[in-house]
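**Q** What follows is a predicted structure for the sequence shown.
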Amino acid sequence: MTDVTSQTLRLWRESKGWDVPRMARELRKAARDSGEDVAAHHGLVKMIPQWERGNRAPRERYRLLYLKVFEDIAGGLSPAMASGAEYVVRLAAVRSRAASLPGPGQIRALEAAALARPRKTMTPAEIRALAAESIASLHQVAGKLAELSALLGEDEVGEDEVGEGTS
Amino acid sequence: MNAREDEIRRVVAELDVHVAEVEASVAVLKALLADGEGPREEDPR
């Protein structure tokens, strides 16, 4: 994790939607689970922003705790690959974007609504083609997510990880 | 960098492209709806 930048620590935390106190709790929980001794909650709340600003570097035990906490982001990757901070953040970001895509049902609903209100900018045939392309791409997304999960050694997720309307 | 890691990077790049395709077409469909909120041009008088 020597190549992980201070900015990556912040991005990892923010990718989970955690504030600094929550990050401190997660680090302490990970430490407890492995029987390690770490700083008190208020100490971590002070140190985390310093690590994230690059004012100081976390010691090895904290770096290892970060890897444990963010196992889902860095999990399954070799240490060398996990240290490619940009890559890890990109992986988390693209999965998050995939999860927020609408499902095929929602795309069909958008298509139906657009067809019901014809405009000069697009013909009905173009609207149908666009919706069909969108749904085809959505299936590609599900396929790639499943492929990725298999490569990372995770349980199969596939369609469940895409959008809301795939059920 | 081993073959598996290359493969993961390739799949992530492809996933990124497909997600962007869906986002782009959904944005067009939503824009059409937003554009269509006014009176329909072919409404009979």
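**A** Structure received.
**Q** excluding its backbone neighbours, what's nearest residue 21?
**A** No chain in the question, so chain A it is. Of all residues not flanking A:Pro21 in the chain, A:Val45 sits nearest, at 5.6 Å (CB to CB, 6 or more residues apart in numbering or on different chains). C-betas here are computed from N, CA, C, even on glycine.
**Q** that's the wrong chain, I meant chain B
**A** Nearest residue to B:Glu21, sequence neighbours excluded (CB to CB, 6+ apart): A:Ser137, at 4.1 Å.
**Q** Repeat that for A:Glu26.
**A** Closest residue to A:Glu26 apart from its sequence neighbours, by CB to CB, 6+ apart: A:Val69 at 5.0 Å.
**Q** gap between the one you found and chain B?
**A** Distance, A:Val69 to chain B, by CB to the nearest CB, to the nearest Å: 21 Å.
**Q** Could you verify my assumption that that residue touches A:Arg25?
**A** No. Using CB atoms under 8 Å, A:Val69 is not in contact with A:Arg25; the gap is 10.2 Å.
**Q** So these two - more neighbours on which side?
**A** Between A:Val69 and A:Arg25, counting by other CB atoms under 10 Å in any protein chain shown, A:Val69 is the more crowded of the two (20 against 15).
**Q** Got the phi and psi for that one?
**A** The phi/psi pair for A:Val69 (degrees, to the nearest 10) reads phi -60, psi -40.
**Q** cool, A:Arg119 as well?
**A** Dihedral angles (degrees, to the nearest 10) for A:Arg119: phi -130, psi 160.
**Q** So what's the residue count around it?
**A** The number of residues packed near A:Arg119 is 17, by other CB under 10 Å.
**Q** Likewise for A:Leu91?
**A** 24.
**Q** which residues touch the closest residue to it other than its chain neighbours?
**A** Of all residues not flanking A:Leu91 in the chain, B:Val12 sits nearest, at 5.5 Å (CB to CB, 6+ apart). B:Val12 is in contact with A:Tyr87, A:Arg90, A:Leu91, A:Val94, A:Leu148, counting by CB atoms under 8 Å, 6 or more residues apart in numbering or on different chains.
**Q** mind listing what the closest residue to A:His41 other than its chain neighbours touches?
**A** Nearest residue to A:His41, sequence neighbours excluded (CB to CB, 6+ apart): A:Ala24, at 5.3 Å. For A:Ala24, the contacting residues are A:His41, A:Leu44, A:Val45, A:Ile48, by CB under 8 Å, 6+ apart.
**Q** Can you give me the distance of A:Ala24 to A:Leu152?
**A** Distance of A:Ala24 to A:Leu152, given as CB to CB, to the nearest Å: 28 Å.
**Q** just the helices in chain A please.
**A** Remark: helices assigned in chain A by DSSP state H are A:6-15, A:20-33, A:41-53, A:60-69, A:71-74, A:79-82, A:85-99, A:104-116, A:124-152.
**Q** which stretch in those is the model least sure about?
**A** Lowest mean pLDDT of those: helix A:79-82, a mean of 54.
**Q** any idea how far the residue at minimal distance from the centre of chain A is from chain B?
**A** Most central in chain A under CA atoms, centre = their mean is A:Ala92, positioned 2.9 Å from the mean C-alpha point. As judged by CB to the nearest CB, A:Ala92 and chain B stand 10 Å apart.
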